[in-house]
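K.L.:
Okay, predicted coordinates and the sequence, questions at the end:
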Amino acid sequence: MTPLERLHTRINFLYNGSERPAIIFRYVLLFVDLSIVLFFVLISFTGGGAAVLVIDWLIAAWIFIDLSARLFIVRNRWRFLFQLVTIADIIVMASLIAAVFVESFAFLRIVRTLRLLRSFHVLKDLRARYRFFARNEEIVQSILNLTVFIFIVTALVFVFQVRSNGAVNNYIDALYFTVTTLTTTGFGDITLEGTSGRLLSVVIMIVGVGLFLRLIQTIFRPAKAHYTCPDCGLNRHDHDAVHCKHCGRTVRIETEGL
């Protein structure tokens, strides 16, 4: 086996293996992703500076190494390059580098949060290792989707309003506006200014509120009940189902009634 083949085997083991070292490695990757997102939030309270730019470059280097490693081990590299997560990583990496020259490009780093939406191997490990997660996977996934959705919408509000709106001074102000709008509370103490701000408000109210309510409904009442049909094995049914949709067998799904 050549040195390149050994390197390929080693990297593939870390990213796709089922042994304890590989699982720990992927948990470390997830922790780093969470830390990067937290950093992006925290720097919204600062005025930047040389230290922030250095960290930006370090994060860009980390993304480049991670992206290169994943590209190295995949079979279909063209398909990999056009995946949403890959495109998000490339945009974020470019924005972190461009932030040194054009500060307004820094907001694109928020796309990095898309990596939190789908971490397939970590989800697989959680399903295999923790019964609670396997039983409530749909709810946990909905909570993650809702969190990332709020985070991205808040980032858009912050980016478009922080320089022109005196009521939006940091990320928390943008988060406050986003949550009050999505929950239809609308205290009115913070409003988005300018044409772009009003258009963003319209998008949040029309698209965001509907999606927000849908995700909330999924969290508190999952769309499907989990019950394994003894005949065909179908394990996702409507909550009020009496017969299995695949084979017609009578199913006995526990319910609380109307």
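P.N.:
Great, that's in hand.
K.L.:
where are the low-confidence patches of the stretch 51-200 of the chain?
P.N.:
Scanning the stretch 51-200 of the chain for pLDDT under 70 picks out 99-127, 134.
K.L.:
where exactly do the strands run in it?
P.N.:
Counting by DSSP state E, counting those that start in this stretch, the stretch 51-200 of the chain has no strands at all.
K.L.:
Tell me if I am right that Ile36 is in a strand.
P.N.:
No - using DSSP: H, G, I helix; E, B strand; the rest coil, the assignment for Ile36 is helix, not a strand.
K.L.:
Please work out how many residues are found near it.
P.N.:
For Ile36, the neighbour count with other CB atoms under 10 Å is 20. Yep, even glycine has a C-beta here, placed from its N, CA and C like the rest.
K.L.:
from memory it sits against Ile59, does it?
P.N.:
Yes - with contact defined as CB atoms under 8 Å, Ile36 counts as touching Ile59 (5.8 Å).
K.L.:
Asp238: what's it in contact with?
P.N.:
Shown in contact with Asp238 (CB atoms under 8 Å, 6 or more residues apart in numbering): Lys224, Ala225.
K.L.:
Could you check the pLDDT of it?
P.N.:
Turning to Asp238, the model gives it a pLDDT of 75.
K.L.:
quick one: it from Lys224, how far?
P.N.:
Using CB to CB, to the nearest Å, we find Asp238 at a distance of 7 Å from Lys224.
K.L.:
same deal with Leu84?
P.N.:
Leu84 is 25 Å from Lys224, by CB to CB.
K.L.:
Repeat that for Ile206.
P.N.:
According to CB to CB, Ile206 stands 27 Å off from Lys224.
K.L.:
and if you look at Glu193?
P.N.:
43 Å.
K.L.:
what about the two, which has more around it?
P.N.:
Glu193 (16 against 13).
K.L.:
Quick one: residues contacting that one.
P.N.:
When contacts are counted by CB under 8 Å, 6+ apart, Glu193 touches Gln161, Ser164, Asn165.
K.L.:
of those residues, closest to Tyr15?
P.N.:
Of all the contacts of Glu193, the one with the least separation from Tyr15 (CB to CB) is Gln161, at 39.0 Å.
K.L.:
ranges for the helices of the stretch 1-150 of the chain?
P.N.:
With helices called from DSSP state H, counting those that start in this stretch, the stretch 1-150 of the chain shows them at 3-16, 20-42, 50-73, 77-81, 84-98, 120-129, 131-135, 137-161.
K.L.:
got the buried residues for the second one?
P.N.:
Buried positions in helix 20-42, judged by neighbour count with 16 or more other CB atoms under 10 Å: Ala22, Ile23, Arg26, Leu29, Asp33, Ile36, Val37, Phe40, Val41.
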